[in-house]
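# Next come a sequence and a model predicted from it.
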Amino acid sequence: MAQLNSSTALSYLQRRPLTPAATIAVYAAVVFVIWADRRRSRKDLKTLDDHLLNDIGVTREEARKEAERPFWQG
């Protein structure tokens, strides 16, 4: 199954007219997917060991701060 990123979905919405209710529903779905991805990524960041953090160029303190951020903050 092809993966659709949020910018592609939003680009599609700009080209295809939808009813106002459908537009709101699609935008809400996109926001929820983004939030879920952030939540999952930040949760995973907490579990990385120092070797993996070093590989991605992040200190333990930076990882802790990022992991503590709420999912709705970009």
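Nice, I can see it.
# Going C-terminal from the one helix or strand Ile34 maps to, what's the next secondary structure element?
Element membership for Ile34, per DSSP states H and E: helix 20-47. Next helix or strand after helix 20-47 toward the C-terminus (DSSP H and E): helix 50-56.
# Can you list the neighbours in contact with that following helix?
Leu48, Thr59, Arg60, Ala63 (CB atoms under 8 Å, 6 or more residues apart in numbering). All C-beta spots, glycine's among them, are computed from the backbone N, C-alpha and C.
# Hmm, the last one is touching Lys43, no?
No: under the contact definition of CB atoms under 8 Å, Ala63 does not touch Lys43, with a separation of 11.6 Å.
# of those two, who's got more company?
Neighbour comparison, Ala63 and Lys43: the larger count goes to Ala63, with 19 against 11 (by other CB atoms under 10 Å).
# for the helix or strand harbouring the more buried one, which positions count as buried?
Using DSSP H and E, Ala63 sits in helix 60-68. By 16 or more other CB atoms under 10 Å, the buried positions in helix 60-68 come out as Ala63.
# Which strands or helices does that helix pack on?
helix 20-47, helix 50-56 (3 or more CB pairs under 8 Å, 6 or more residues apart in numbering; DSSP states H and E).
# Pull out the buried positions in the longest one.
If I follow you right, that is helix 20-47. Across helix 20-47, burial judged by 16+ other CB under 10 Å covers Val30, Arg38, Arg42, Leu45.
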